[in-house]
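Q: Could you work out the structure for the sequence below:
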Amino acid sequence: MKEKKEKSPKTNVEKEKFGTKFINTIKKRWLISGTNTILLIAILIAIVILINSVVQSLDLTPIDCTSNKEYTLTKESKERIENIDADVNIYFVGYDDSATQVSLAKQYSKANKKINVEVIDVNERPDIASKYNVTSDTKTIIIENGDKSRTLYSDDLYTYDSSYQTVDITEEKLTSAILNVTSDKIANVYFLSGYSDYSLEYSGGMYYLAAYLKNEVLNYKTLDMLVEGSIPEDCDTLVITTPKKDFDELTTNEITKYINNGGKILWLNSSYTSSKDLPNVNKILALYGIKPFEVGYIYETDSTRTVLGYASCIVEDLGSTDIAKKLTDVVLSGATKINVDKDTLSDLGVTEEDIISTTNTSYFRSNVSNTSSSSDGDEKGGFTVGGIFNKTISSGENSDDKKESKLVIFGDNNFVSDIQITNQVNPMIFLGNNKDLMLNSIAYLTNNDQDITIRKDYTQTTSFTPTDAQKLTIVRIIYMVPIAIILVGFIVWQVRRRKK
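A: Now for the predicted structure:
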């Protein structure tokens, strides 16, 4: 019997010959024929379209090449929303489906299937347009859960860093809004009124802050003690802004009672330009070991720590406290120092931690009429401008039955105000980490510590503004290079065609 010869596998040489033969076939038989060439191009285009369709159907998360993963949902946001068991709709009005904000929102849907993201046309969804009074002319994001809803506008999605460059904060806003409409327990923050020139009203100097508070996981209200007669039991944090006049006996007694019951206070106190006799205000401060505020301002001699050369508009670093997580610096204007009576803290059951301390190049000027640039004779820094004061209160004979009151205090009210340094500079609340420091302070006092963690670290964000020459180069690369390649290809084709 004849034995069958086994076919030996192709050698590498044979494989190379086969590959070369295939390429030559393509060159000679396909590319020579115009019809076949067009057919080949059509096949390649069809393959690209098919691959693109498959990739789109997979709804893959876009690749984020930014150093701080600016367009990627953080682990903290995923953890906060993954257990939500309510149907949440996020409607984008006036946005394209390819917008970065939409792409980010779709990552919430992947983390929790209960969250639905939809780009809508108000002409096709008149129910949404009517319910939320929105039009296609304005970019709007609506976060909805049943009867609860929050509305975000394009201006809400940006803030400014210490270099006054815009920073995208879409994730913070979306996460907070989702938590706001799905949370059963919402913190109540009361702003004491009747004693200060600052308020959340349109002309009250803190109107922008009110706009930001709307998108936090809280309810904010104004407290008029003459009307209410007491601090409501549901008050999670009491905000006191620069008292212009002294507290009356009713308010003093109610705040004292609130503190002894473990109340939380956020105190903003600008410099006084004239002497103030505020014994009841000072009585409340003394419960935390804080001495009366003095007349005067803090100035900086280090020009790198001033804004536009104004010595009283200073940039200071933030300490490593729970409130200042992921934040770097704050811009203060007309700030004053917080005088702490450290000898009384232990007896009062108070511990203190600095949030903001000025540098040794700063000084405090009590003579506000002195316009001299020299700091001779003025008190030298550093000074405490922001701090956390924890007060332990023992109730009754049982020493184990204790409550803790917290005070977060800043020697500046302007840093979260609508005040502008000049007409060319944004309001103070937009500068540095001012807005985030304020919101973090409220979150800390209302025990919403996790709301602090969803604020991204933007210290690694780098902005690039090309010069006119660089813009021209970019345009050339984008348009001229492809055109040149096409022209070269056409010329080569014509030359080869004539040689045949």
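
Q: C-alpha from now on. contacts and neighbour counts both.
A: Noted.

Q: Give me the residue ranges of the stretch 351-500 of the chain where confidence is low.
A: 396-400, 449-468, 470-471, 496, 499-500 (pLDDT under 70).

Q: separation between Pro279 and Thr446?
A: Pro279 is 28 Å from Thr446, where distance means Cα to Cα, to the nearest Å.

Q: the more surrounded of these two?
A: Shown here are Pro279 and Thr446; by other Cα atoms under 10 Å, Thr446 has more neighbours (21 against 13).

Q: how close does the residue nearest to the more buried one when sequence neighbours are not counted sit to Asp248?
A: Distances taken as Cα to Cα, 6 or more residues apart in numbering place Asp236 nearest to Thr446, at 5.8 Å, with adjacent residues excluded. From Asp236 across to Asp248, the span is 22 Å (Cα to Cα).

Q: Between the two, point out the one with more neighbours.
A: Set Asp236 next to Asp248 and count neighbours by other Cα under 10 Å: Asp236 wins out with 21 against 14.

Q: these two touch, right, that one and Tyr444?
A: No: using Cα atoms under 8 Å, Asp236 is not in contact with Tyr444, being 10.9 Å away.

Q: so who does the closest residue to Ile388 other than its chain neighbours touch?
A: The shortest distance from Ile388 to any non-neighbouring residue, by Cα to Cα, 6+ apart, is to Val408 (4.6 Å). Neighbouring residues of Val408 by Cα atoms under 8 Å, 6 or more residues apart in numbering: Ile265, Leu266, Trp267, Gly386, Gly387, Ile388, Phe389, Ser441, Leu445.

Q: Equivalent analysis for Ser271, please.
A: Contacts of Ser271 (Cα under 8 Å, 6+ apart): Phe293, Glu294, Val295, Gly296, Tyr297, Gly334, Ala335, Thr336, Gly411, Asp412.

Q: If we use 7 Å, what do you get?
A: For Ser271, the contact set (Cα atoms under 7 Å, 6 or more residues apart in numbering) comprises Val295, Gly296, Tyr297, Gly334, Ala335, Thr336, Asp412.

Q: ok, the closest residue to Ser394 other than its chain neighbours to Leu445 distance?
A: In this structure, Ser394 finds its nearest non-sequential neighbour in Lys402, 4.5 Å apart by Cα to Cα, 6+ apart. To Leu445, Lys402 is 18 Å away according to Cα to Cα.

Q: before we move on, what about Asn261?
A: On the measure of Cα to Cα, Asn261 and Leu445 end up 15 Å apart.

Q: how about the helices in the stretch 301-450 of the chain?
A: Ranges of helices in the stretch 301-450 of the chain, per DSSP state H, counting those that start in this stretch, are 345-348, 434-445, 449-453.

Q: Output the ones you listed as a markdown table; include the columns distance to Val117 and mean neighbour count.
A: Shown next, in a markdown table, are these (distance: least, Cα to Cα, whole Å; neighbours: other Cα atoms under 10 Å):
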| stretch | distance to Val117 | mean neighbour count |
| --- | --- | --- |
| helix 345-348 | 52 | 14 |
| helix 434-445 | 27 | 23 |
| helix 449-453 | 22 | 19 |
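
Q: Nearest residue to the middle of this protein?
A: Nearest to the mean C-alpha position of the chain, by Cα atoms, centre = their mean, lies Ile169 at 4.2 Å.

Q: Can you verify my assumption that it contacts Leu157?
A: Yes: Ile169 lies in contact with Leu157 (Cα atoms under 7 Å); the separation is 5.2 Å.

Q: And for the lengthiest strand in the chain, what's in contact with it?
A: Using DSSP state E, we find that the single longest strand of the chain is strand 384-394. Contacts to strand 384-394, defined as Cα under 7 Å, 6+ apart, come from residues 260, 288, 336-338, 349-358, 401-411.

Q: For ChimeraX, what selects the buried ones among these?
A: Buried residues within those, by 16 or more other Cα atoms under 10 Å, are selected in ChimeraX with:
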select :260,288,336,337,338,349,350,351,352,354,355,356,357,358,404,405,406,407,408,409,410,411
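
Q: Distance of Asn414 relative to Pro427?
A: 10 Å.

Q: ok, now Glu353?
A: Applying Cα to Cα to Glu353 and Pro427 gives a distance of 28 Å.

Q: next one: Ala99
A: 28 Å.

Q: Comparing the two, which residue is more hemmed in?
A: Neighbours around Ala99 and Pro427, counted as other Cα under 10 Å, are more numerous at Pro427. The numbers are 18 against 11.

Q: distance of the more buried one from Ile120?
A: 33 Å.

Q: Also Ile47?
A: As judged by Cα to Cα, Ile47 and Ile120 stand 31 Å apart.

Q: How is Met480 assigned, secondary-structure-wise?
A: helix (DSSP: H, G, I helix; E, B strand; the rest coil).

Q: what's the burial count for it?
A: Neighbours of Met480 (other Cα under 10 Å): 13.

Q: sorry, back to before: who does the longest strand of the chain pair with, and is each partner parallel or antiparallel?
A: strand 350-357 (antiparallel), strand 402-410 (antiparallel) (DSSP bridges).

Q: Secondary structure class of Arg80, three-state.
A: Strictly by three-state DSSP, Arg80 counts as helix.

Q: and it, what pLDDT?
A: pLDDT for Arg80: 83.

Q: just Thr74 next, same as before
A: For Thr74, the predicted pLDDT is 85.

Q: Which residue or residues pair with Ala187 through a beta bridge?
A: Leu218.

Q: what's the distance between it and Asn426?
A: 30 Å.

Q: Check Glu216 too.
A: When Glu216 is compared with Asn426 (using Cα to Cα), they lie 22 Å apart.

Q: Pick out whichever of those two has more residues nearby.
A: Glu216 (25 against 15).

Q: Go through the contacts of Ser271 and give me the one with the most neighbours.
A: That'd be Thr336 among these, by other Cα under 10 Å, with 29 neighbours.

Q: isn't it right up against Ile298?
A: Yes: contact status for Thr336 versus Ile298: in contact at 5.7 Å, counting by Cα under 7 Å.

Q: So what's the residue count around the residue nearest to Lys337 when sequence neighbours are not counted?
A: Leaving aside its sequence neighbours, Lys337 sits nearest to Val385 (Cα to Cα, 6+ apart; 5.1 Å). Neighbourhood size, Val385 [other Cα under 10 Å]: 23.

Q: Also Val340?
A: Residues near Val340, counting by other Cα under 10 Å: 19.
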